[in-house]
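Undergrad: Sequence first, predicted coordinates after that:
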Protein chains: 2
Amino acid sequence: MNKVILLNNRPEGRPQESDFKFTEEEKPTPGEGEVLLKTKYVSVDPYLRGRMRDQKSYIAPFELHKPVASGIIAEVIASKNTDFKEGDFVNGMLSWKEFQTSTGKNLQKVDPDQAPLSAYLGVVGMTGLTAYFGLTRIGQPKKGDTIVVSGAAGAVGSVVGQIGKIKGCRVIGIAGTDEKIAMLKNTFGFDEGINYKTTSDMKAAIKKAAPDGVDIYFDNVGGEISDAVLANIARNARVVACGVISMYNDEETPVGPRVAPLLIKNSVLMQGFTIGDFQADFSEGMKQLAIWLKENKITHKETIVKGFDKIPQAFIDLFDGKNTGKMIVEI
Amino acid sequence: MNKVILLNNRPEGRPQESDFKFTEEEKPTPGEGEVLLKTKYVSVDPYLRGRMRDQKSYIAPFELHKPVASGIIAEVIASKNTDFKEGDFVNGMLSWKEFQTSTGKNLQKVDPDQAPLSAYLGVVGMTGLTAYFGLTRIGQPKKGDTIVVSGAAGAVGSVVGQIGKIKGCRVIGIAGTDEKIAMLKNTFGFDEGINYKTTSDMKAAIKKAAPDGVDIYFDNVGGEISDAVLANIARNARVVACGVISMYNDEETPVGPRVAPLLIKNSVLMQGFTIGDFQADFSEGMKQLAIWLKENKITHKETIVKGFDKIPQAFIDLFDGKNTGKMIVEI
């Protein structure tokens, strides 16, 4: 049989196990031109929370009582498509199923000799690309700039910091445990780390770490952490609005200090983006990231959870910061 | 004698007449290399409110018990500087005095034959340049874009709308009286106008006027009007954060809906600026604006108040929207 995970309810607030439903269906048979895929690695990502909401966005919401989908690395175990052969590994936006068929459209072959398979879901995949394009295209780092990264120990944040160092910047990371802070400095080469859970005055802590102001703020979290960073923003700064994990579970639009006066006073750019904005340049980004990875200029952390049944909990755990680096479920 | 207007108190909330103090001093005599200037036209502008606050900003605060300064057109009535002769007219950041001396540094000569003298404080001066660079450099208008302008009947907003029309955009203006709305359409060629004071549901009104969403929002006001526009923002939109007149008098940082989720979801750019950011290109902008003015492609409105004694009240009246177009005091 073939296990499948459906969206059972649209979550209210923090997602729960009961928002998902396990079911079984027949293991499918590939038709002409199709491949049969066996799921190997499943990416769980904060942005999926948005797709669980019934609202217009850059990507259609998940349908209730249908399978959830995310970035998945799968093995081709049978092929009636001449572009793929048995034993190939592919990366695609696929359903949370143990087995599924595909026409091959929107599947990319990935090479396990170039990078570990799971890395294609992370540092050389969507999260690495998000860090790469967000920082280089929007953040426009110049040598000597001070960068602050929130969610710094996460899959995107940890790569942002490392690219920042490659570009000659001073990099300050914000994260929520002392272990993460130590890792930012010791593993990822950040210059400074601030534990927001044990720091009472974040505004003062950022001022101390960035006395000349913050030239680039790469924001993965939003909310009060961002307020504290913005209070220290430098003239002509760039705010890369990448994610708002602190707000994804809010049902009402959260309120906070209005930013327009600050943006005007300091001539600050704030740009929201999703990785799809840079789709045309993905191959350039993946190539650069793979080179840096091979040269050991960037390193990556993964939190790998094992077992198909653990997918929903791994997703939920994102909102408690239980992951270090990319959260991946290995099947 | 020589009348002078000093900053008497730092205003709390809305400025009042008592925040200013009239005094008299000797009419000065120009030293070697100096000119003696007679004030002709005084620009009063919302941004001056910020300089009355004792806080770090892009420009130093006014000192208490010292003269206030703003953009002024003056006549050279005596000259010991070879760059200027009696009868020249100059534009500069000058003190609120009837007469003053200057070394000539940072004074620009203006030609009354190219444009009316008061226009150098407006449509071919700072406010026109603010509209020109904010819209063209940050807004990046493309033919067919929908532009919404808040504070549309003001000195900046009215020029933004007209440049938008030159660029082939659909332009919707927001203002606070039916007279201003009529003028937006009849004088400045806006496609639509929305009176925010008589419209109960601004979000719905903007949706009706811009059913495909707002590609460029040129924001002169901030606050709840901006919230309603942002709720209708289009994918890849540009928000030109130019002014926040609705907030200049607030003593506490105002709160409102957080914008990061909206910016991310729609890949929106929001850029704050002050006109000084474009200083290197002022002559390009002034040239273009003067051409459009001569070709009657842009027109401008002024609210001219007469008398040196009226300067403080003219400034205060800005916050009640009593001006249509550029507010100027003629001496």
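TA: On my side now, so go ahead.

Undergrad: tell me which element the residue nearest the centre of chain A falls in.
TA: Centroid-nearest residue in chain A, with Cα atoms, centre = their mean: residue A:127, separated by 4.3 Å. Residue A:127 belongs to helix A:126-133 when assigned by DSSP states H and E.

Undergrad: helices or strands next to that helix in the packing?
TA: Counting contacts by 3 or more Cβ pairs under 8 Å, 6 or more residues apart in numbering or on different chains; DSSP states H and E, helix A:126-133 packs against helix A:155-166, helix A:282-294. Heads up, the C-betas are built off the backbone N, CA and C, glycines and all.

Undergrad: Could you list the low-pLDDT ranges of the stretch 201-331 of chain A?
TA: Per-residue confidence of the stretch 201-331 of chain A (counting by pLDDT under 70) places the weak regions at A:248.

Undergrad: Recalculate using a threshold of 80.
TA: Low-confidence segments of the stretch 201-331 of chain A (pLDDT under 80): A:245-252.

Undergrad: Break down it into its helices, ranges please.
TA: A:202-209, A:223-230, A:260-266, A:282-294, A:311-317 (DSSP state H, counting those that start in this stretch).

Undergrad: Just send these back as TSV, with distance to chain B and mean neighbour count too.
TA: TSV is the format used below for these (distance: least, Cβ to the nearest Cβ, whole Å; neighbours: other Cβ atoms under 10 Å in any protein chain shown):
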stretch	distance to chain B	mean neighbour count
helix A:202-209	12	18
helix A:223-230	7	21
helix A:260-266	3	22
helix A:282-294	16	17
helix A:311-317	19	21
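
Undergrad: Output those in a markdown table, with distance to residue A:172 appended to each entry.
TA: A markdown table is the format used below for those (distance: least, Cβ to Cβ, whole Å):
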| stretch | distance to residue A:172 |
| --- | --- |
| helix A:202-209 | 5 |
| helix A:223-230 | 9 |
| helix A:260-266 | 18 |
| helix A:282-294 | 21 |
| helix A:311-317 | 26 |
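
Undergrad: before we move on, back to that, wait, isn't the residue nearest to the centre of chain A in contact with residue A:159?
TA: Yes - assessed by Cβ atoms under 8 Å, residue A:127 is found in contact with residue A:159 at 6.8 Å.

Undergrad: What distance do you get for the nearest residue to residue A:245 once chain neighbours are set aside to residue A:313?
TA: Spatial nearest neighbour of residue A:245, chain neighbours left out: residue A:46 (4.7 Å); criterion: Cβ to Cβ, 6 or more residues apart in numbering or on different chains. When distance is defined by Cβ to Cβ, to the nearest Å, residue A:46 is 15 Å away from residue A:313.

Undergrad: Which positions in stretch A:275-283 come out as buried?
TA: Neighbour-count burial for stretch A:275-283, with 16 or more other Cβ atoms under 10 Å in any protein chain shown as criterion, is recorded at A:275, A:277, A:278, A:282.

Undergrad: how about JSON lines for those, with distance to residue A:22 added?
TA: JSON lines is the format used below for those (distance: Cβ to Cβ, whole Å):
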{"residue": "A:275", "distance to residue A:22": "29"}
{"residue": "A:277", "distance to residue A:22": "35"}
{"residue": "A:278", "distance to residue A:22": "35"}
{"residue": "A:282", "distance to residue A:22": "33"}
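
Undergrad: among those residues, which two are most distant?
TA: A:277 and A:282 (10.9 Å; Cβ to Cβ).

Undergrad: Get me the contact residues on chain A for chain B.
TA: Contacts of chain A with chain B, taken as Cβ under 8 Å from any Cβ of the partner chain, map to A:50, A:57-58, A:219, A:222-223, A:226, A:235-236, A:241-244, A:247, A:253-274, A:277.

Undergrad: can you rerun that using 7 Å?
TA: Within chain A, the positions near chain B by Cβ under 7 Å from any Cβ of the partner chain are A:57-58, A:219, A:222, A:226, A:241-244, A:247, A:253-261, A:263-274, A:277.

Undergrad: For the longest strand seen in chain A, name the packing helices and strands.
TA: Counting residues, the longest strand found in chain A (DSSP state E) is strand A:69-79. Packed against strand A:69-79 by the contact rule (3 or more Cβ pairs under 7 Å, 6 or more residues apart in numbering or on different chains; DSSP states H and E) you find strand A:35-43, strand A:89-95.

Undergrad: Each with direction, which strands does that strand pair with?
TA: With DSSP bridges as the test, strand A:69-79 is paired with strand A:35-43 (antiparallel), strand A:89-95 (antiparallel).

Undergrad: Let me see the mean pLDDT of whatever helix or strand comes next after the first one.
TA: The one in question is strand A:35-43. Per DSSP H and E, the first helix or strand lying C-terminal to strand A:35-43 is helix A:48-51. Mean pLDDT, helix A:48-51: 91.

Undergrad: Using PDB, write down the CA coordinates of helix A:48-51.
TA: This file holds the C-alpha atoms of helix A:48-51, laid out as PDB (Å, rounded to 0.1, in the frame of the first residue of the first chain):
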ATOM      1  CA  LEU A  48       3.700  25.900   3.600                       C
ATOM      2  CA  ARG A  49       1.700  27.400   6.500                       C
ATOM      3  CA  GLY A  50       0.600  30.100   4.200                       C
ATOM      4  CA  ARG A  51      -0.600  27.600   1.600                       C
END
